[in-house]
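Asker: coordinates only, no sequence provided:
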């Protein structure tokens, strides 16, 4: 290999290295930005988690209450005890029931004739329901530190409907908008027992 070929080879390696680094900068490593642990629901969720629930409404009024979530091994009836505590006095005893674990379908039984269906998506257990004119989406997310919970609350009344027109050969569907009324968020940390 002559001197010119050697320098051309080194230059080619340098250019390839620069392109490789450029691609790494343009395409972030998704594995490093996402959680690498895949928790088995509900067994890897068993434990007690504590933290603050932050409640915010559209007027930016914010309040905070201490929150505890306790999940235990199944009882003889087959329910995983799912206990929520808000502050010192508000303790709610529910049961998590496996409906179709292969599809990630579970149900929280409030033992008062209310049963809320939920579904597992990776490390999230998500439930959506409406009650007394409000639509709620509740997202429990298992993390390394514990469990994060987000509550999205919107009235079921439609705020605005748009779309529904024909543009050229395309029929645009109607799209309904809703006005979220509150957002609640809790970051709960696992309590060592």
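Answerer: Done, it's in. Please read these numbers as outputs of a predicted model, since none were measured by experiment. Residues are numbered from 1 along each chain as shown.
Asker: and the strands in the protein?
Answerer: Counting by DSSP state E, residue ranges of the strands within the chain are 47-57, 62-71, 80-86, 90-100, 105-109, 115-121, 124-131, 134-142, 146-155, 160-162, 166-167, 170-171, 175-177, 182-191.
Asker: list the neighbouring strands of the third one plus their orientation.
Answerer: Read it as strand 80-86. Using DSSP bridges, the strands paired with strand 80-86 are strand 62-71 (antiparallel), strand 90-100 (antiparallel).
Asker: residue 132: which of the ones you listed is closest?
Answerer: strand 90-100 (17.3 Å; Cβ to Cβ). To be clear about C-beta, it is placed using only N, CA and C from the backbone, and glycine gets the same treatment.
Asker: what angle sits between the closest one and strand 124-131?
Answerer: For strand 90-100 against strand 124-131, the angle by axes from the mean of the first three to the mean of the last three Cα atoms, to 10 degrees is 110 degrees.
Asker: how far off centre is strand 90-100?
Answerer: The chain centroid and the centroid of strand 90-100 are separated by 18 Å under Cα atoms, centre = their mean, to the nearest Å.
Asker: neighbouring contacts of that strand?
Answerer: With contacts defined as Cβ atoms under 8 Å, 6 or more residues apart in numbering, strand 90-100 is touched by 42, 71, 75, 77-86, 105-111, 115, 117.
Asker: would you write out the PyMOL command that picks the buried residues out of those residues?
Answerer: For the buried members of the contacts of strand 90-100, the matching PyMOL selection, counting by 16 or more other Cβ atoms under 10 Å, is:
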select buried, resi 42+71+79+80+82+84+85+106+107+108+109
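Asker: quick revisit: quick one, which of the strands paired with strand 80-86 is nearest to residue 155?
Answerer: Residue 155 sits nearest to strand 62-71 of all those, at 19.9 Å, using Cβ to Cβ.
Asker: now the closest one against strand 146-155, angle please.
Answerer: Using the same axes, to 10 degrees, the inter-axis angle of strand 62-71 relative to strand 146-155 is 120 degrees.
Asker: low-confidence stretches in the chain?
Answerer: For the chain, residues meeting the criterion pLDDT under 70 lie at 1-35, 193.
Asker: domain parsing of it, as residue ranges.
Answerer: As given by automatic domain parsing, the domain ranges for the chain are 3-32, 38-191.
Asker: just those domains: most buried one?
Answerer: Sort the domains of the chain by mean neighbour count, taking mean count of other Cβ atoms under 10 Å, and domain 38-191 sits at the top with a mean of 14.
Asker: for residue 71, give the beta-bridge partners.
Answerer: Taking DSSP bridges as the rule, residue 71 bridges to residue 47, residue 82.
Asker: so it touches residue 43, yeah?
Answerer: No: applying Cβ atoms under 8 Å, one finds residue 71 not in contact with residue 43, separated by 9.5 Å.
Asker: list the contacts of the closest residue to residue 75 other than its chain neighbours.
Answerer: Spatial nearest neighbour of residue 75, excluding adjacent residues (Cβ to Cβ, 6 or more residues apart in numbering): residue 81 at 6.3 Å. Counting by Cβ under 8 Å, 6+ apart, residue 81 touches 70, 71, 72, 75, 93, 94, 95, 96.
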